[in-house]
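**Q** Need a 3D model of the sequence below.
(2 chains)
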Amino acid sequence: MTIGPSTPGERALPDVAVTGMGAVCGACDAGPHLRFRKLRKFMGKQDVLALVAAARAVQAAGLEAPLGERCGLYAAVGYIPFATDDINRLLDASLDREQFSMTRFAANAFGAINPLLTFRVLPNMPAFHVSLNFDIQGPYAVSYPGIGQFYSVLEEAIAALESRIIDVALVGAVADQRNFLVEHHFSRMTPPVEPERLEDAAAFLVLERRVEAIGRGATLRARLLEYRLEYSAVEPFAGRAPSECFARDGVCVPAFRELGPVSLGLALTESARGRVTHRARSRDGFTADSTWEVA
Amino acid sequence: MRHRVAVTGMGVVSPIGRTCAEFRDALFAARSGIGPITTFDPATLPTRIAAEVKWDGDVMRDRKISFALDAARQAMADATSGGTRPSGDGGLSLGLGLELFSMDDLAAKRRGERAPETIAERLLYLQTPSDLCVSMLAGRFELRAPPITHVSACAAGTDAIGSAFRMIASGRRRWMMAGGADSMINPLGVAGFCSIGATSTANADPPRASRPFDRQRSGFVLGEGAGMLILERLEDAHARRADVHAEIAGYGASFDAHGISEPHPDGRGAYQAMARALQDAGVDADRIDCINAHGTATPKNDPVETLAIKRLCAARAYRIPVCATKSMIGHLIAAAGAVEAIAAIAGMKAGVAHPTINLEYPDPACDLDYVPRTARTHPQRFVLSNSFAFGGQNASLVLRRADG
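**A** Below you'll find the model as predicted:
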């Protein structure tokens, strides 16, 4: 799949501009962005990260809630997080002579946790909280778990803008990775990924058709120049190492930070003016690159 | 240019049949797939029933992967039964359920037991990543275009088909395998739904437990399975003389932007998804001949979906058959939309509206024609199929009869 400069037989470059960017790494507070504070206790770390990054992007775009029916939300979410405290509480209440006991689990464990707290780890909940707080009623795509899937939802967002199904696309990614379950997942990779390389992060972009963004007086912060997404199925866990990098002015820097689906959004948000290329070869078989002009 | 999109292959693994023919016959015969949970001991959980797939062969620890592979095998065999494969590189659009988490492994880890050492065992230890399914499907069926996964919970299967439809219609993909797979019939899955009071506790009479639109409904019954479709450009299907089961004519999605576990009380999001699907298809609501409802049998979903259908179809809503497949197969979560789309296509091909079983006591808030208890002959040209998720993600498809 290629979206790039127009050549015979290829699609024209989408006339889409980034009008807002927002990102967050590590701990943050959703408080200032919450329209419905009673739901705060049901927000997991990934929900908070997503909401804060989305709020920054929306604000940077000069938009505000309600974003309504003409705004779509396109998000890629990392592997399912599970905090050590939550899982230990479940296990402690379920053990019988060090073995998991279904009887004890049924009698003690599942009632020990506020039921709605289980929603905090679900992959569609970041999209829920963002949609709720910005009153987004448009279409969506929620994908999982890596950078290839972020490119896939980016493609969906651009297609929705081009076909005028929506006027504004909020495109983002979130990864809650410093937790028991995601660290376990990455520890079994070949080669293993050390926990200190995993980051909690989220990044969102606001995309609009360029002409209309100019028409409403928005600042054009970046423009997509080229985009390529390819795929070759891999034998799971065959040992393919990631070779993600962030390039600027033709110099490619291998990424130390494991950012999951967030790396492109964060790269754009952190970059200074100029031409920025993001390249990723993911463990799950994607080869993606995109070039952006950052204003 | 917008391409018309044909369904040329279908495969299903469901609680009432492991082929499309078995599934269709069971639907039309009003057969329930619900019984006591056998895949694990539900002990004293409030809900001890589910709609399990009757599987007699080897099955992976994460059952949804086995279901997906088998449904995909059937769909590809169906699509290539004429001896040709769809043209160009194929992609995958897959609705996926949650990762499988093993409490037994967690207890073993606590005891200090060593983790398994082979790659295959490590993959399944403690947590099975759901995207494993993508790699296995793409590798086995040589799908070379970039895949997309959908994790929009109960709407994921419908979103997967809708997304694949859009990709083909817009010319971004030539053909796609699209569908969903899920199994949450495991301790954490069942307990999680029990704890929010979402599932029926009618353990004494499993076949009568799933009661969409009935006054005595008490929650959904968890199911498991997979549904896969092969979608391709209609002109490509005709060129290779493939059998066309139906067309995907439109897709619509919306956010409720309302509540975590309850739908918008006015049915706003459900209405928007259906209206957008109709607009996408270029079809007026008065041309819809049948609706495959989300129909979960939860106290809140069914009246809200009814309200949304009435808003969409006005007075004609009372004359459109509304079928709830979940009355027979339970709620397949991320696979629900895909399996129910196959149910809708089967009904459209046969000119039969399948029944909503267990609808015995009318609910004044659910006053449409839900085809109670027995199937009905009913020619259909356009069908709506709905899926609405926890978290307020709503998706609808418009399906068109192959000769429509």
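**Q** helix, strand or coil for residue B:162?
**A** Reduced to three states with DSSP: H, G, I helix; E, B strand; the rest coil, the structure at residue B:162 is helix.
**Q** Helix, strand, or coil at residue B:92?
**A** Going by three-state DSSP: residue B:92 is strand.
**Q** Report how many residues lie close to it.
**A** By the criterion of other C-beta atoms under 10 Å in any protein chain shown, residue B:92 has 28 neighbours. (Each C-beta comes from the backbone N, C-alpha and C, glycine too.)
**Q** Write down the beta-bridge partners of it, one by one.
**A** Under DSSP bridges, the beta-bridge partners of residue B:92 are residue B:177.
**Q** any idea of the pLDDT on it?
**A** Note on residue B:92: pLDDT of 98.
**Q** same question, residue A:198
**A** pLDDT recorded at residue A:198 is 94.
**Q** Over to residue A:153?
**A** At residue A:153, pLDDT is 97.
**Q** what separates it from residue A:258, distance-wise?
**A** Residue A:153 sits 20 Å away from residue A:258, going by C-beta to C-beta, to the nearest Å.
**Q** of those two, who's got more company?
**A** residue A:153 (27 against 23).
**Q** Let's verify the spatially closest residue to that one that is not a sequence neighbour: helix, strand, or coil?
**A** Distance criterion C-beta to C-beta, 6 or more residues apart in numbering or on different chains; nearest residue to residue A:153, sequence neighbours excluded, is residue A:74 at 4.1 Å. Following three-state DSSP, residue A:74 is assigned to strand.
**Q** tally of neighbours for residue B:40?
**A** Using other C-beta under 10 Å, residue B:40 has 14 other residues around it.
**Q** picking that back up, please look at the residue nearest to residue A:153 and residue A:151 and confirm they touch.
**A** No. Under the contact definition of C-beta atoms under 8 Å, residue A:74 does not touch residue A:151, with a separation of 10.9 Å.
**Q** Isn't residue B:347 up against residue B:385?
**A** No. Using C-beta under 8 Å, residue B:347 is not in contact with residue B:385, being 10.3 Å away.
**Q** any common contacting residues for those two?
**A** Counting by C-beta atoms under 8 Å, 6 or more residues apart in numbering or on different chains, the contacts common to residue B:347 and residue B:385 are residue B:292.
**Q** ok, the residue nearest to residue A:153 - how many residues close by?
**A** Around residue A:74 there are 29 residues (other C-beta under 10 Å).
**Q** any idea what sits nearest the most centrally placed residue in chain A, other than its immediate chain neighbours?
**A** Per C-alpha atoms, centre = their mean, the C-alpha nearest to the average position across chain A is that of residue A:173, at 0.8 Å. Nearest-residue entry for residue A:173: residue A:261, 3.7 Å, with adjacent residues in sequence omitted and distances by C-beta to C-beta, 6+ apart.
**Q** So that neighbour versus residue A:152, what's the distance?
**A** 10 Å.
**Q** Now the common contact residues for these two.
**A** In terms of C-beta under 8 Å, 6+ apart, residue A:261 and residue A:152 are both contacted by the residues A:76, A:143.
**Q** Skipping adjacent residues, who's closest to residue A:56 in space?
**A** The shortest distance from residue A:56 to any non-neighbouring residue, by C-beta to C-beta, 6+ apart, is to residue A:22 (2.6 Å).
**Q** That neighbour touches residue A:60, doesn't it?
**A** Yes. Between residue A:22 and residue A:60 there is a contact at 5.9 Å, judged by C-beta under 8 Å.
**Q** any idea of the pLDDT on residue B:124?
**A** 89.
**Q** quick one: which helix or strand includes residue B:156?
**A** In this assignment (DSSP states H and E), residue B:156 forms part of helix B:156-169.
**Q** Checking residue A:53 next. Helix, strand or coil?
**A** Assignment for residue A:53 (three-state DSSP): helix.
**Q** how near is the closest residue to it other than its chain neighbours to residue A:35?
**A** Excluding its sequence neighbours, the residue lying closest to residue A:53 (C-beta to C-beta, 6+ apart) is residue A:202, at 3.8 Å. Separation of residue A:202 from residue A:35 (C-beta to C-beta): 18 Å.
**Q** who has more neighbours, those two?
**A** More crowded of residue A:202 and residue A:35, by other C-beta under 10 Å: residue A:202, with 36 against 12.
**Q** doesn't that one fall inside a strand?
**A** Yes. Counting by three-state DSSP, residue A:202 is part of a strand.
**Q** now for the host helix or strand of the residue nearest to the centre of chain A, which elements pack on it?
**A** Secondary structure assignment for residue A:173, by DSSP H and E: strand A:168-175. Here strand A:168-175 touches helix A:45-60, strand A:71-77, helix A:125-134, helix A:147-162, strand A:201-209, helix A:263-270, going by 3 or more C-beta pairs under 8 Å, 6 or more residues apart in numbering or on different chains; DSSP states H and E.
**Q** Please repeat the previous calculation with a cut-off of 10 Å.
**A** Where contact means 3 or more C-beta pairs under 10 Å, 6 or more residues apart in numbering or on different chains; DSSP states H and E, strand A:168-175 is packed against strand A:16-25, helix A:45-60, strand A:71-77, helix A:125-134, strand A:140-143, helix A:147-162, strand A:201-209, helix A:263-270.
**Q** rank the ones you listed by mean pLDDT and give me the bottom one.
**A** Looking at these, the weakest mean confidence is helix A:263-270, a mean of 91.
**Q** picking up where we left off before, how far does the strand holding residue A:173 sit from the chain's center?
**A** Taking C-alpha atoms, centre = their mean, to the nearest Å, one finds strand A:168-175 lying 6 Å from the centre of the chain it belongs to.
**Q** on that earlier part again, what secondary structure does the residue nearest to residue A:173 sit in?
**A** Assigned by three-state DSSP, the conformation of residue A:261 is helix.
**Q** burial count for residue 279?
**A** In the absence of a named chain, this looks at chain A. For residue A:279, the neighbour count with other C-beta under 10 Å is 19.
**Q** meant chain B, my bad for not saying
**A** Residues within reach of residue B:279, counting by other C-beta under 10 Å, total 14.
**Q** Just want the phi and psi numbers for the residue located most distally from the centre of chain B.
**A** Within chain B, residue B:112 marks the point farthest from the mean C-alpha position, 40.2 Å out by C-alpha atoms, centre = their mean. The phi and psi torsions at residue B:112 (degrees, to the nearest 10) take the values phi 90, psi 10.
**Q** any idea how far residue A:82 is from it?
**A** For residue B:112 relative to residue A:82 (C-beta to C-beta), the value is 20 Å.
**Q** Next: residue B:36.
**A** Distance, residue B:36 to residue A:82, using C-beta to C-beta: 29 Å.
**Q** Looking at the two now, which is surrounded by more residues?
**A** When residue B:36 and residue A:82 are compared for neighbours, residue A:82 comes out ahead with 22 against 11, by other C-beta under 10 Å.
**Q** how about the nearest residue to the more buried one, chain neighbours excluded?
**A** Using C-beta to C-beta, 6+ apart, the nearest residue to residue A:82 is residue A:181, at 3.8 Å.
**Q** Give the helix, strand or coil label for that neighbour.
**A** At residue A:181 the chain is in helix, as set by three-state DSSP.
**Q** you'd agree residue B:403 is in a helix?
**A** No. Using three-state DSSP, the assignment for residue B:403 is coil, not a helix.
**Q** Could you verify my assumption that it touches residue B:244?
**A** Yes. Here residue B:403 reaches residue B:244: they are 8.6 Å apart, a contact under C-beta atoms under 10 Å.
**Q** What residue in the stretch 301-404 of chain B comes nearest to chain A?
**A** With C-beta to the nearest C-beta, the shortest gap between the stretch 301-404 of chain B and chain A falls at residue B:391, namely 3.8 Å.
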